[in-house]
Each structure stands twice: as C-alpha cells, then as structure tokens.
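Novice: prediction below, plus the sequence it came from.
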Amino acid sequence: RVPDANGQLINKNFWYLVYRIRNTGKTMTYAKVKQNPEFDHIKHDLRYDQPVAAEKINFRPQFTLTGWVEGRGKYQKVEYPSVVNPVAAYRIRQLEDPNQVLLDTEQMVEAEIPMAKNDADPGVWGVAIWEDVNPRLDFVSVYVQGLSNAYRLNRQQPDQPSKLKTLQLNFWRPGDVVAEKRDDVEFGIP
C-alpha cells in the first residue's frame, strides 16, 4: 500500500532488483599498438586491471525493464523505466534486510563509492524499482546503463544518438497473474 497523488493509500504492484556496486580500483582500457612497422594498421589491445587514479567513483544508474507480452496472437514489446518511490524502497528494505541501507536511483547518483579494501568489502547497495508491470510477463531483461562511460558513435547516421555501453541481465518467471507475489524469479534464460 502506497499513497497516490491525493494522499490516499492504494494497493500497487512493484517489481524490484536489489544490486551491489563495488569500486575494485581497476578498469579496462586499451592501448594502440602497431602490429607491423611496415604498415600503418593500428590494433587496439584490451588491457585489464588498469589502476584507477580516483579513490571514489560515482554511479549514475539507468535501469529499464523490457519484456514481451502476448496480445491477439502477436507479441508486443513493453518497456518500463525505473521509478523513484521512497515508500516502496522503504518497504523493500524491510522485506529484504532492515539492517542494510538500500539507495534508490536518485540517492545512488549522490553516493560516492569508495575503493574496496578487499574482496569482502560490501560496496554500496541499491534498489531499482518498477511499477505497474504487466503480470503476464514471463521473460524480461533488465538493461543497466551508467556502469561505464564507454560509448560508440553512430558514424552512418550522425544525427542519431551514440550508443551507450549497456549491461543486459535476463530473468524469467514461471507464473501468471494469479498469486504473483509467490512466483519465483530466476536469473538467466531457461
């Protein structure tokens, strides 16, 4: 139960994803390498675990839940951007772990993520929330942007925006609209 725009308590269905962000102090980068001195071709070698100069980093998350819903014999793509709902975030925290602070997407933007001292360092915990998700969705993908500042320019169509590096997480839920709260959500694709 959450308050609506008029302050009246209403029943609302929320889907959410609890996540953890850690700053390992390392990054991926690339180095330009000339393979053969006789030719002008330059290769980009990927370098892992390059140290980062910053002690603290920021995460500007963007979460989108995407799935397909059947209607009239055809499947229609549906997308849900994450929402900020302090009441829902509080209730999720009470459900998951009342002792763990869960930051919503606005709070995560303000948070500084310190460098992890060891592998057991907890990092910063957050929650992505979606509301009014169609309960008939069985297969969904969560797209996460903001983990990297990497992008790809669209050289064929310069008037189109660049593509941001995006993490895709796939989930499935063997269920239906009946007793939706009891359906387990599994990671991956069956």
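Specialist: On my side now, so go ahead.
Novice: please make it C-alpha for all contacts and neighbour counts, starting now.
Specialist: Fine.
Novice: residue ranges with poor pLDDT in this structure?
Specialist: 28, 48-55, 175-183, 190 (pLDDT under 70).
Novice: so which residue is smack in the middle of it?
Specialist: Nearest to the mean C-alpha position of the chain, counting by CA atoms, centre = their mean, stands residue 144 at 3.1 Å.
Novice: what does the helix or strand containing it rub up against?
Specialist: If you go by DSSP states H and E, residue 144 is part of strand 139-145. With contacts defined as CA atoms under 8 Å, 6 or more residues apart in numbering, strand 139-145 is touched by 60-68, 164-173, 189.
Novice: and residue 66, that's in a strand?
Specialist: Yes. Counting by DSSP: H, G, I helix; E, B strand; the rest coil, residue 66 is found in a strand.
Novice: hey, what's it bridged with?
Specialist: residue 79, residue 141 (DSSP bridges).
Novice: on that earlier part again, any idea how far the residue nearest to the centre of the chain is from residue 60?
Specialist: Distance of residue 144 to residue 60, given as CA to CA, to the nearest Å: 10 Å.
Novice: from the chain's centre, how far out does the strand holding residue 144 sit?
Specialist: Remark: strand 139-145 is offset 7 Å from the chain centroid, using CA atoms, centre = their mean, to the nearest Å.
Novice: with just CA atoms, put it into CSV.
Specialist: Taking Å, rounded to 0.1, in the frame of the first residue of the first chain, the C-alpha atoms of strand 139-145 are listed here in CSV:
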residue,chain,number,x,y,z
PHE,A,139,10.7,-13.4,-19.7
VAL,A,140,12.3,-10.0,-19.0
SER,A,141,15.6,-8.2,-19.5
VAL,A,142,16.9,-5.5,-17.2
TYR,A,143,19.2,-3.1,-19.1
VAL,A,144,21.6,-1.2,-16.9
GLN,A,145,23.4,1.9,-18.1
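Novice: what's the first helix or strand after it?
Specialist: strand 151-152.
Novice: and that following strand, what does it pack against?
Specialist: Packing partners of strand 151-152 (3 or more CA pairs under 8 Å, 6 or more residues apart in numbering; DSSP states H and E): strand 163-164.
Novice: next SSE after the strand it packs on?
Specialist: Next along the chain after strand 163-164, taking DSSP H and E as the criterion, comes strand 166-172.
Novice: for residue 123, see how far away the residue nearest to residue 56 when sequence neighbours are not counted is.
Specialist: Take residue 56 and drop its neighbours on the chain: the residue closest to it by CA to CA, 6 or more residues apart in numbering is residue 114, 4.5 Å away. Distance, residue 114 to residue 123, by CA to CA: 7 Å.
Novice: common neighbours of these two, please.
Specialist: 22, 23.
Novice: and residue 103, how many residues sit next to it?
Specialist: 23 (other CA atoms under 10 Å).
Novice: wait, it sits on residue 113?
Specialist: No. Residue 103 is beyond contact range of residue 113, at 12.0 Å (criterion: CA atoms under 8 Å).
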